[in-house]
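>>> How does the following fold in three dimensions:
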Amino acid sequence: MNSLYSEYPAAVYTASQISQLDRMATDELGVSSYKLMCRAGKAAFEVLKDYWPKAQTLAVFCGPGNNGGDAYVLATVALAFGMQVRVITVTPEDQLQGSSLEAWKECRQQGARIDLFSADCPITEDVIIDGLLGIGLSRDLEGEILAAVEIINESSKPVLSLDIPTGLDANTGLVHHSSVKADVTISFVGLNQGLFLGVGPDYIGKLEFSDLAISPDIYKQIPARVQRVTKSILEKALTPRSQLAHKGMNGSLLLVGGEPSMSGAIRLASEAALRSGAGLVRVATHPDSVATVMASRAEVMCHGVMSEGELLPLLESADAVVLGPGLGQSLWAQNLWECVVNSNLPIILDADGLNLLSSRLLARGNWVLTPHPGEAARLLKTDTATVQADRLGAVMELARIFKGVTVLKGACSLVSSGEYPVGLCDKGNPGMATAGMGDVLAGLLGGLAVQIDSLELTAQVGVLIHAASGDSAALDGERGLLAGDVVENIRLWMNPPYK
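Okay, the predicted model is just below:
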C-alpha cells in the first residue's frame, strides 16, 4: 500500500465521520459540494497520470452518488487533456441529483460519450476508473452495479478506484457479496477504516490520498477512533542515549521458553531483543535447549531451568519478561508460566503463553498480549473468521478482558489498551507470513519494554519497527524472507535517521 506521494495522515475514520468532515467543509468553510467534487476528480486524474503515464483511453464507470460525480469530473479533465474517454453509467440522467448531476452536465458539455451500462459491453480501454459506489455502501451489491463490478474484475485492465473499491465496506473492510479489486485507490478527505481492516488491504492495491485542501482546523473537531502508527513515534520513544550509558542503564530482559523441540523460537526472540538495544538479555529455557540457544550468539546469557526455584533468581534480576516462544504446554511449561505470571514484572505474552492463558482467563494487567487471529479466537472463545470480521472489536475486547495492551497481529496489525484510539500499523508485507516472525516480534517488544516506560508505547513502537524491518528485508524480494532476515534489519530502525 505504499504511496508515490507523501506520508498519509495518521487519523483513520469511520464512513460517517468522513461524511461529517465533508459537511463541515461545506458549511463552516463555505466550500461548495461541487467544488470539493471537482478537487477530487482532478486529484484522481493526477494519480491516473502518475501510475499510467502512457494510457490514452479510459473506461469511466459512474454510479448514482457523489462517487459517480467524482468520476464524471475525472472524465471531463481527461477529455481536456486529450484522452479518449468512454463514460459508462448505471444511473440515467433523470435519476441524478445535486453535485453529481452538475458534474454529469459538465461532462456532457465537454463532448463525453456517456453510455448506459450494458452487461455485454466489452472493455478495451487502457485503464478503468471505478466510480460506482463510495463509502456509503452498507448492503450487498446487486443488479447492474454487481454486474459492472464483475465485468471490471474480469477485464484484466488496470483499475483506479475512487474513495474505496466498489463493494468494500468502508468501516469493516469486508466485501458486500463482491468488490472491485483495484490496482490503485485514491481516498479523499479522510482515510477510512475499511482500507486497512478485514480484507481491505487485499482489494485496494496502492493507496493514495488527497485531503482536497480542507482546512486542518476541521480535522481537529472530529477525534479518530484509529490512528496509524507513524515514524514520528520512533523519535518520541527512542531518544538519544547518554554518552555515559552502560549496559545496566539499558534494561535487563528475561525470556522464558524453548522446550527441546522448539528451541529455535526462544533463540530468535532473544536475538531480536539484543538487536533492540536491551542492555542485558537472559534466557531461561529447558536444559536440553541451552546449546541451541547459545549457538553462534554468545551475547545471550542462557540458563537451563527445570523448576520455579531455579527461575525465581532470574526473575529477581529482570525488568521485564518475554513468556511463551517455544514454551509448549507440558507440565514444565505450565509451572514456569505460573511462576512468571505471579511475579510483578511487565510481561510480553506470546505463542504458548497465550494458549495457556486461554484456559485461565486471567486479568493480570501490566502485560502485552500478542495473539495472531487464531490465538485471539481461542482467548475470546470464538472462531478465527469472527475475529477477522471485526478485528477492531476483537482487539478492544481482548484488551478489556485481560486488562493489558493487546497486539492483534496480521495484515495491518492493531494495538489497543482498551480505549480509543486504537493504533494501526500499515507497514509490513506478505513475505513476513512465515515461521518465527511472531517470536521476533515478542523479543523485540521485550527489549523495548525495558527501555520505554509505557507498555502501550512499547507495543506501538515494536509493531512498527518489526514491520518496517520486514519491509527493509524484503527489498530483494518477499518470497523466501526469513524471520532471521528481519532480525538483521531491526538495528536500522532502532537508530535515526529513519528511512
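
>>> now residue 283, what's its secondary structure?
At residue 283 the chain is in strand, as set by DSSP: H, G, I helix; E, B strand; the rest coil.

>>> and residue 174, how far is that from residue 71?
Distance of residue 174 to residue 71, computed by C-beta to C-beta, to the nearest Å: 24 Å. (Glycine included, C-beta is placed from N, CA and C.)

>>> Who has more neighbours out of those two?
Between residue 174 and residue 71, counting by other C-beta atoms under 10 Å, residue 71 is the more crowded of the two (34 against 17).

>>> helix or strand for the more buried one, which one?
Residue 71 is located in helix 66-81, with elements delineated by DSSP states H and E.

>>> same question, residue 290
helix 290-294.

>>> And the contacts of the helix or strand following that helix?
Using DSSP H and E, the helix or strand that directly follows helix 290-294 along the chain is strand 301-304. Contacts to strand 301-304, defined as C-beta atoms under 8 Å, 6 or more residues apart in numbering, come from residues 280-290, 293-294, 310, 314.

>>> Quick check: which ranges of the stretch 151-300 of the chain have low pLDDT?
For the stretch 151-300 of the chain, applying pLDDT under 70 flags the ranges 244.

>>> can you give me the strands for it?
Residue ranges of the strands in the stretch 151-300 of the chain, as given by DSSP state E, counting those that start in this stretch, are 159-162, 184-188, 191-192, 206-210, 226-228, 252-256, 280-285.

>>> The shortest one pairs with which strands?
Take DSSP bridges as the rule and strand 191-192 pairs in its sheet with strand 11-13 (parallel).

>>> Contacts made by the partner strand with the rest, please.
Strand 11-13 has contacts (C-beta under 8 Å, 6+ apart) with 21, 190-193, 195-196, 219, 222, 224-228, 424.

>>> List just the nearest of those residues to residue 439.
Residue 439 has its nearest neighbour among these in residue 424, at 22.6 Å by C-beta to C-beta.

>>> Report whether the expected contact of that closest one with residue 195 is present.
No. Using C-beta atoms under 8 Å, residue 424 is not in contact with residue 195, being 10.1 Å away.

>>> Which positions within stretch 429-438 qualify as buried?
429, 431-432, 436-438 (16 or more other C-beta atoms under 10 Å).

>>> Show the contacting residues for the residue nearest the centre of the chain.
Closest to where the C-alpha atoms of the chain average out (C-alpha atoms, centre = their mean) is residue 412, at 1.9 Å. Counting by C-beta under 8 Å, 6+ apart, residue 412 touches 196-197, 200-201, 424-426.

>>> Ramachandran angles for it?
Backbone torsions for residue 412, taken as degrees, to the nearest 10, come to phi 60, psi 70.

>>> Pipe the buried residues of stretch 429-438 into TSV and attach secondary structure per row.
Below are these laid out as TSV (three-state DSSP):
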residue	secondary structure
429	coil
431	helix
432	helix
436	coil
437	helix
438	helix
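
>>> how close does the closest residue to residue 179 other than its chain neighbours sit to residue 102?
In space, and not counting its chain neighbours, residue 179 is closest to residue 167: 3.1 Å by C-beta to C-beta, 6 or more residues apart in numbering. Using C-beta to C-beta, residue 167 is found at 26 Å from residue 102.

>>> Mind checking which of those two has more residues around it?
residue 167 (25 against 19).

>>> How about the contacts made by that one?
Here residue 167 is in contact with 133, 137, 141, 149, 175-180 (criterion: C-beta under 8 Å, 6+ apart).

>>> which among those gets closest to residue 334?
residue 175 (41.5 Å).

>>> Let me see the contact set for that closest one.
167-169, 198-199, 203.

>>> can we see that at 7 Å?
With contact taken as C-beta atoms under 7 Å, 6 or more residues apart in numbering, residue 175 is in contact with 167-168, 199.

>>> Residue 80 now?
Taking C-beta under 7 Å, 6+ apart, we find residue 80 in contact with residue 110.

>>> For it, give its distance to residue 33.
Distance of residue 80 to residue 33, computed by C-beta to C-beta: 22 Å.

>>> how deep is the residue lying closest to residue 391 once chain neighbours are set aside tucked in, by neighbour count?
Among residues not flanking residue 391 along the chain, residue 197 sits closest, at 5.4 Å (C-beta to C-beta, 6+ apart). The number of residues packed near residue 197 is 26, by other C-beta under 10 Å.

>>> In this structure residue 197 contacts residue 390, no?
No. Taking contacts as C-beta atoms under 7 Å, residue 197 lies outside contact range of residue 390: 8.4 Å.

>>> Please identify every residue contacting each of the two.
Here residue 197 and residue 390 have residue 172 as joint contacts, going by C-beta under 7 Å, 6+ apart.

>>> Pull out the buried residues from stretch 254-265.
Neighbour counts over stretch 254-265 (16+ other C-beta under 10 Å) mark 254-259, 262-265 as buried.

>>> Please identify which of those residues is nearest to residue 275.
Among these, residue 255 lies closest to residue 275 (C-beta to C-beta), at 13.4 Å.

>>> Show the contacting residues for that closest one.
Residues in contact with residue 255, defined by C-beta under 7 Å, 6+ apart, are 266, 269-270, 273, 283, 322, 325, 443, 446.
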